[in-house]
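Asker: structure for this input, please:
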Amino acid sequence: MSLLKALASIITDKKVVLIFRLVLGVIFIYASLDKIAHPEQFARIIYNYKILPPFFINVFAITLPWVELMAGLFLILGIFTESASLLICFMLMVFVVAISINLYRGVNLNCGCFSTDPAGTKEGANLLIKDFVLLFLGIMVFFFHKNFASLSYLLKRKSNPR
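Answerer: Residues are numbered from 1 along each chain as shown. Below is the predicted model:
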């Protein structure tokens, strides 16, 4: 039992959670860049999932990467950290569902996570594991020390000196 408590104290440490926050922010910023640069290719990838109605695909392909970019920036800067981590957790749950549906269908497709290249790697179940790890990081940021080394906390402290 003490091993479990030791592990819990490590993963909830404010510096470790800060690292989780920064890693998650960088990953989501990086994931957004190619999609922002190539929205038409990202729309094709979304279409290949065969989940969304066709009239939502273009809107989704244009807005999702910008939401990823902003959420990642907010996490790195520590602005609206709770909202950004909650949004990232929600996106990751949607990604897990979409990938799971296609794995169940027997479709192994390019997820479009980091590249819109049509010849991109098809990761399948490995992608689910990665998304669950990222979801865990997001949950840790949401529940623990979200204001540690955050810009919003530092600005609040400066405006209210004691």
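Asker: what about the protein, any weak spots by pLDDT?
Answerer: Applying pLDDT under 70 to the chain flags the ranges 1, 119-121, 157-159, 161-162.
Asker: quick one: the helices in the protein?
Answerer: Using DSSP state H, the helices of the chain run over 2-11, 14-37, 39-49, 54-77, 81-105, 125-143, 151-159.
Asker: residue 5 and residue 11: what is the separation?
Answerer: With distances taken as C-beta to C-beta, to the nearest Å, residue 5 is found 11 Å from residue 11. Backbone N, C-alpha and C define where each C-beta goes, glycine included.
Asker: what's the answer for residue 113, then?
Answerer: 24 Å.
Asker: quick one on the thing from earlier: look at residue 5 and residue 11 and report which has more neighbours.
Answerer: residue 11 (14 against 9; other C-beta atoms under 10 Å).
Asker: how about the more buried one, what does it touch?
Answerer: Residue 11 makes contacts with 17, 140, as judged by C-beta atoms under 8 Å, 6 or more residues apart in numbering.
Asker: residues near the nearest residue to residue 17 once chain neighbours are set aside, how many?
Answerer: Spatial nearest neighbour of residue 17, chain neighbours left out: residue 145 (4.4 Å); criterion: C-beta to C-beta, 6 or more residues apart in numbering. Using other C-beta under 10 Å, residue 145 has 19 neighbouring residues.
Asker: how about residue 106?
Answerer: 6.
Asker: what comes up buried for stretch 63-83?
Answerer: For stretch 63-83, a neighbour-count test (16 or more other C-beta atoms under 10 Å) marks 64-65, 68-72, 74-76, 78-81 as buried.
Asker: chain center to it, what's the gap?
Answerer: 9 Å (C-alpha atoms, centre = their mean, to the nearest Å).
Asker: contacts made by that stretch with the rest, please.
Answerer: 21-22, 24-33, 35-36, 39, 42, 84-85, 87-88, 91, 141-142, 146-147, 149-154.
Asker: would you confirm that residue 14 contacts residue 146?
Answerer: No: counting by C-beta atoms under 8 Å, residue 14 stays clear of residue 146, with 9.7 Å between them.
Asker: those two - which one has more neighbours?
Answerer: Shown here are residue 14 and residue 146; by other C-beta under 10 Å, residue 146 has more neighbours (24 against 13).
Asker: for that one, grab phi and psi.
Answerer: phi -70, psi -20 (degrees, to the nearest 10).
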